[in-house]
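Participant: Here's a sequence, model it:
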Amino acid sequence: MGASMNSKRVSMNWATILAVMLVVCTGVRAGSGASDEPITEVLAKYGLPIGLLPDSVKSYSLADDGEFKVELEKPCYVQFNCLVYYDDKITGKLTYGKISDLDGIKVRKFFIWVNIKGIEVDVPSSDFIYFKVGIISKKIEISWFESVPTCKDSLGNEPCNDVQTA
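Facilitator: This is a model prediction of the structure:
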């Protein structure tokens, strides 16, 4: 009876060790989305222009399923063809040529702020990028996003320029 009990304890100990290792390895893998690789390189790997996010990215994480979280040093504004507001935390899902379920970026159109919910480029690439605001999509020249924009603390005064709508 004693030998049988010892083998059960050894089996349980190995099972416990295996379970702990599995949890630890899974946790490390999930946390490994944060990288020393610049966010601009990640965007480029996914077929997106490097200028979608401002120069104030403090950190980011990217999960295997494409879920991401970007943290900026602080909320800020960038003047593209319209004034864009970046929250200090931006989340979404990244797939090749597309960001969906986006949260943390708004655009000012006239006097109202509208949440951008998705961003998409043509595959193969064209000269345009599409910003989704609800069921409406805005088609803008991709050249606006070829370089990383500088984050500003205050609102710009420039009105939105006319852009082609999809």
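Participant: residues touching Trp144, list them.
Facilitator: 51, 80-81, 129 (C-beta atoms under 8 Å, 6 or more residues apart in numbering). C-beta: built from backbone N, CA, C; applies to glycine.
Participant: any idea which of those is closest to Val107?
Facilitator: Phe80 (8.4 Å; C-beta to C-beta).
Participant: Look up the closest residue to that closest one, ignoring the ones flanking it.
Facilitator: With sequence-adjacent residues excluded and distances taken as C-beta to C-beta, 6 or more residues apart in numbering, Phe80 is closest to Trp144, at 5.1 Å.
Participant: Surely that neighbour is in a strand?
Facilitator: No - using DSSP: H, G, I helix; E, B strand; the rest coil, the assignment for Trp144 is helix, not a strand.
Participant: Numbering from 22 from now on, please.
Facilitator: I'll keep to 22 as the first residue from here, and by that count the last item is Trp165.
Participant: Asp143: what's it in contact with?
Facilitator: Counting by C-beta under 8 Å, 6+ apart, Asp143 has contacts 118, 149.
Participant: all strands of this structure, in order?
Facilitator: Ranges of strands within the chain are 78-83, 88-93, 97-100, 104-116, 119-130, 133-136, 139-142, 149-154, 157-162, based on DSSP state E.
Participant: what would those strands look like in TSV with mean pLDDT?
Facilitator: Below are the strands of the chain laid out as TSV (pLDDT from 0 to 100):
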stretch	mean pLDDT
strand 78-83	96
strand 88-93	98
strand 97-100	94
strand 104-116	97
strand 119-130	95
strand 133-136	93
strand 139-142	96
strand 149-154	94
strand 157-162	90
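Participant: closest one to Ile60 among the ones you listed?
Facilitator: Between Ile60 and the strands of the chain, the tightest spacing by C-beta to C-beta is seen for strand 78-83, at 5.0 Å.
Participant: Would you mark the buried spots in that closest one?
Facilitator: 78, 81-83 (16 or more other C-beta atoms under 10 Å).
Participant: What is the distance between that strand and the centre of its chain?
Facilitator: In terms of C-alpha atoms, centre = their mean, to the nearest Å, the centre of strand 78-83 is set 8 Å apart from its chain centre.
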